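# okay, predicted coordinates and the sequence, questions at the end:
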Amino acid sequence: MIRTLKTLIILVLLAGWGLAGSAVYIVRWPGADAWIGIIPKHRLGIKDTYVDVRDWTLSDLRDHPELLRRLGETGKLHWLAHIASEQELQELINSTDDARKK
């Protein structure tokens with residue numbers, strides 16, 4: 001009985017951590033200590049849960065429009081300052097939004 005209860009508790013905890021992990025982006029960007037930040041997603045999903053943007057280029061950002069849009073909405077575009085200026089990033093967000101609306 002105790003063994004079953006322990007197993008059930010462990011399974012519930014693992015499921016909870018999995019659900020929590022699917023609700024956030026964990027972003028690693030360059031810096032003195034290779035900074036890590038967490039922002040919430042719009043939808044649950046495992047895509048881009050952990051993203052290492054230290055070696056990214058603008059073409060990589062075009063492949064991850066949801067992440068880019070969310071960084072803009074939360075005011076975290078400075079995490080991508082090593083790739084482009086905030087103005088260029090905002091223009092990229094606007095262009096992907098326009099393409100999505102068509």
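Received the coordinates, thanks.

# neighbouring contacts of stretch 46-54?
Contacts to stretch 46-54, defined as CB atoms under 8 Å, 6 or more residues apart in numbering, come from residues 21-22, 24-30, 34, 60, 64, 66-67, 79-80, 82-83. Quick note: C-beta positions are derived from backbone N, CA and C, even for glycine.

# swap the cut-off to 6 Å and go again
With contact meaning CB atoms under 6 Å, 6 or more residues apart in numbering, stretch 46-54 is reached by 21-22, 25-30, 67.

# rebuild those residues as JSON lines, extending it with distance to Ile46.
Shown next, in JSON lines, are these (distance: CB to CB, whole Å):
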{"residue": "Gly21", "distance to Ile46": "8"}
{"residue": "Ser22", "distance to Ile46": "6"}
{"residue": "Tyr25", "distance to Ile46": "11"}
{"residue": "Ile26", "distance to Ile46": "12"}
{"residue": "Val27", "distance to Ile46": "15"}
{"residue": "Arg28", "distance to Ile46": "17"}
{"residue": "Trp29", "distance to Ile46": "21"}
{"residue": "Pro30", "distance to Ile46": "25"}
{"residue": "Leu67", "distance to Ile46": "13"}
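
# pull the most distant pair out of those.
Farthest-apart pair in the contacts of stretch 46-54 is Ser22 and Pro30; separation 25.9 Å (CB to CB).

# so where is the protein shaky, pLDDT-wise?
Counting by pLDDT under 70, the chain contains low-confidence ranges at 32-34, 97-102.

# just to revisit the earlier point, show me the contacts of stretch 46-54 that map onto helices.
Those of the contacts of stretch 46-54 mapping onto helices are 21, 67, per DSSP state H.

# of the contacts of stretch 46-54, buried ones?
Taking 16 or more other CB atoms under 10 Å as the criterion, what is buried in the contacts of stretch 46-54 is 25, 27, 29-30, 67.

# so which of those residues are in strands?
Counted as lying in strands by DSSP state E, out of these, are 25, 27.

# got the buried ones among the contacts of stretch 46-54 as JSON lines, with distance to Ser95 columns?
Formatted as JSON lines, the buried ones among the contacts of stretch 46-54 follow (distance: CB to CB, whole Å):
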{"residue": "Tyr25", "distance to Ser95": "21"}
{"residue": "Val27", "distance to Ser95": "21"}
{"residue": "Trp29", "distance to Ser95": "22"}
{"residue": "Pro30", "distance to Ser95": "25"}
{"residue": "Leu67", "distance to Ser95": "15"}
